[in-house]
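Peer 1: Got a predicted structure here, sequence first:
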Amino acid sequence: AQKVTQAQTEISVVEKEDVTLDCVYETRDTTYYLFWYKQPPSGELVFLIRRNSFDEQNEISGRYSWNFQKSTSSFNFTITASQVVDSAVYFCALNREKSGGGADGLTFGKGTHLIIQP
Amino acid sequence: EAQVTQNPRYLITVTGKKLTVTCSQNMNHEYMSWYRQDPGLGLRQIYYSMNVEVTDKGDVPEGYKVSRKEKRNFPLILESPSPNQTSLYFCASSARLAGDNEQFFGPGTRLTVL
């Protein structure tokens, strides 16, 4: 069975601070995909990034960066110079590739509520 | 505009009164699914569909039904809603059922069962 753990329920920082959201996953599959989604106060889910299990390169997109480490089964998300607009709930999720093809759907962590104070 | 739509967006109902939440996508996606979001639990998959007339249970299917008669639509049916089904529901779709496919989410339906 797959599992995604986001141990940080809530994080509060002051604007312009850097903040890292942790994500640890469990899976027995060799091919899998990791995702991060953002849920702002308006409630919609916004796709941020997808990573496959064979690509451990870190990724940077503006103030956002992701650190994927298979050795520790972690896929952490860092926001540099945080802004009030970054306040949201962030979800890490996992999807696997079945041996016969196809997938089950996303397994989500419980989310981290990030509060950026002005 | 490519999108997943859900109706209604908000619904308050009473225990036992059958209801349907509709979901429609205009991207010709094969795969559709339903999730529920509860505080402290994240999102959990209820049902998914790999194509027309093909559906399967997710992690929390009890108390729900789905159907996939057309590719674009995937309604969620609560035959006899109970208060523990009060939740925020999301419909999602992706081009195909593969682990790497990005899922596009609808705006959510907030359901309250009294």
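Peer 2: Noted; the coordinates are in hand. Residues are numbered from 1 along each chain as shown, chains lettered A, B, ... in the order given.

Peer 1: okay, CA-based contacts and neighbour counts for the rest of this
Peer 2: Fine.

Peer 1: from what I can see residue A:73 touches residue A:28, true?
Peer 2: No. Contact criterion Cα atoms under 8 Å: residue A:73 and residue A:28 do not qualify, at 11.2 Å.

Peer 1: Who has more neighbours out of those two?
Peer 2: residue A:73 (14 against 9; other Cα atoms under 10 Å in any protein chain shown).

Peer 1: For that one, give me the backbone phi and psi.
Peer 2: phi 50, psi 50 (degrees, to the nearest 10).

Peer 1: Next one: it from residue A:39, what distance?
Peer 2: 23 Å (Cα to Cα, to the nearest Å).

Peer 1: Equivalent analysis for residue A:118, please.
Peer 2: If you go by Cα to Cα, the gap between residue A:118 and residue A:39 works out to 20 Å.

Peer 1: do residue B:54 as well
Peer 2: Separation of residue B:54 from residue A:39 (Cα to Cα) stands at 30 Å.

Peer 1: More neighbours: these two, which one.
Peer 2: residue A:39 (18 against 12).

Peer 1: Just the pLDDT at the more buried one, thanks.
Peer 2: As predicted, residue A:39 sits at a pLDDT of 96.

Peer 1: Would you agree it is in contact with residue A:46?
Peer 2: Yes. Here residue A:39 reaches residue A:46: they are 6.2 Å apart, a contact under Cα under 8 Å.

Peer 1: Just want the residue of chain A that's nearest chain B.
Peer 2: residue A:110 (3.8 Å; Cα to the nearest Cα).

Peer 1: what packs against the lowest-mean-pLDDT helix or strand in chain A?
Peer 2: Counting by mean pLDDT, DSSP states H and E, chain A has its least confident helix or strand at strand A:59-61, which shows a mean of 88. Contacts defined by 3 or more Cα pairs under 8 Å, 6 or more residues apart in numbering or on different chains; DSSP states H and E place strand A:59-61 against strand A:64-69.
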